[in-house]
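Q: just a sequence and a predicted model for now, questions to come.
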Amino acid sequence: MLTGLEIGLRLADVPSYILPTPSSVVLAFWQQFGWIAWHSWITVQEIFLGLALAVLCAVVVAVLIQASPMLHKTLMPLMVAAQASPKEAVAPLLVMWFGFTMLPKIILAAAIAFFPVLIGIVVGLDRFDRKLRLLAASMGMGPVRTFFSFRAWVALPAFMGALRVGITLAAVGAVLGEVIGSDDGIGYLVLSASRTMDGALLYASLVILVALSLGFTAVINRLERWLLPMSGAKTL
């Protein structure tokens, strides 16, 4: 039984490679489930590892920036300049250097997600006010213990918000790297489907990409709901 949208597409005589019907998209997903699932798993790994690398680098840079005003003045302009530069320009170079492996996609995903995560961490660390600093000092805490007992927990809400932005950007970076140079992943599926004018597979791949981004965001939301009550307990 045809849906109203499918009837409208047929009446308008829209080619299927431009705008396939929903049933054809579902059918393509069903018929090629194993192939799509394999490429999706590759992209999931690239997104996760890219975000993890971005978070690791952002935490190190944010701590250095907060520890030294001179480093803050030196590193922040460099970070802004790096963010303004087009990451797409270095993607072919990464493929040339590291080949058709996961590494260039991971690096590109991390590069695109890095700056928003960094800003979120810096903003969160700046919320550590004078009262909490005096409280930590009155308890005889050193800088390291103060950071893990108070400052990191105060920064947690801003950090989780940055993660939500970073995961979507990491997905963009991973797929972009796959489109530029790869033989697997959702980006490769999109490129392959566009070359063969397989509109149903193309749209099925895009739907999977959106579903992955929503799934990662849901995991971050659940992690935030679990950590924030602990954050309140730690900072009181």
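A: Yep, it's here.
Q: name the nearest residue to the residue most central in space within the chain, sequence neighbours excluded.
A: What sits nearest the mean C-alpha location of the chain, by C-alpha atoms, centre = their mean, is Ile167, with 2.1 Å. Spatial nearest neighbour of Ile167, chain neighbours left out: Phe216 (4.6 Å); criterion: C-beta to C-beta, 6 or more residues apart in numbering. C-beta: built from backbone N, CA, C; applies to glycine.
Q: picking up where we left off before, list the residues that contact the residue nearest to the centre of the chain.
A: Applying C-beta atoms under 8 Å, 6 or more residues apart in numbering to Ile167 gives the contacts 47, 51, 113, 213, 216-217, 220.
Q: for the host helix or strand of Tyr188, buried residues please.
A: Applying DSSP states H and E as the criterion places Tyr188 in helix 186-195. Under the neighbour-count criterion of 16 or more other C-beta atoms under 10 Å, helix 186-195 has 186-191, 193 buried.
Q: what average pLDDT does the longest helix along the chain get?
A: Longest helix of the chain, by residue count under DSSP state H: helix 199-235. Mean pLDDT, helix 199-235: 77.
Q: among the contacts of Ile167, name the buried ones.
A: With burial judged by 16+ other C-beta under 10 Å, the buried subset of these is 47, 51, 113, 213, 216, 220.
Q: please, which helix or strand holds the closest residue to the fourth one other than its chain neighbours?
A: Distances taken as C-beta to C-beta, 6+ apart place Ala171 nearest to Ser213, at 5.1 Å, with adjacent residues excluded. When elements are defined using DSSP H and E, Ala171 is found to belong to helix 156-180.
Q: shaky segments in this structure?
A: By pLDDT under 70, the low-scoring segments of the chain are 1-20, 82-88, 128-138, 140-150, 229-236.
Q: mind running it again at 50?
A: For the chain, the stretches with pLDDT under 50 are 1-2, 9, 11, 233, 235-236.
Q: export the buried ones among the contacts of Ile167 as TSV, with columns for distance to Val123.
A: Putting the buried ones among the contacts of Ile167 into TSV (distance: C-beta to C-beta, whole Å) gives the following:
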residue	distance to Val123
Ile47	24
Leu51	18
Ala113	16
Ser213	23
Phe216	22
Ile220	17
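Q: hang on, isn't Leu191 packed against Val179?
A: Yes. Using C-beta atoms under 8 Å, Leu191 is in contact with Val179, at 5.2 Å.
Q: which of the three states applies to Ser182?
A: The three-state label given to Ser182 by DSSP: H, G, I helix; E, B strand; the rest coil is coil.
Q: can you verify my assumption that it contacts Leu103?
A: No. The criterion here is C-beta under 8 Å, and Ser182 misses it with Leu103 at 11.2 Å.
Q: looking at the two, which is more packed in?
A: Ser182 (24 against 16; other C-beta atoms under 10 Å).
Q: which residue, other than its chain neighbours, is closest to the more buried one?
A: Take Ser182 and drop its neighbours on the chain: the residue closest to it by C-beta to C-beta, 6+ apart is Tyr188, 4.9 Å away.
Q: list the contacts of the one you found.
A: 39, 178-179, 182.
Q: and these, which two are furthest apart?
A: Spatially, the most separated pair among the contacts of Tyr188 is His39 and Val179, at 12.5 Å (C-beta to C-beta).
Q: give me the more crowded residue out of these two.
A: Between His39 and Val179, His39 has the larger neighbour count (other C-beta under 10 Å), namely 24 against 19.
Q: could you measure from that one over to Ser192?
A: His39 sits 9 Å away from Ser192, going by C-beta to C-beta, to the nearest Å.
Q: which other helices and strands contact the host helix or strand of Ile119?
A: Using DSSP H and E, the element containing Ile119 is helix 103-126. Here helix 103-126 touches helix 33-67, helix 69-84, helix 91-98, helix 156-180, going by 3 or more C-beta pairs under 8 Å, 6 or more residues apart in numbering; DSSP states H and E.
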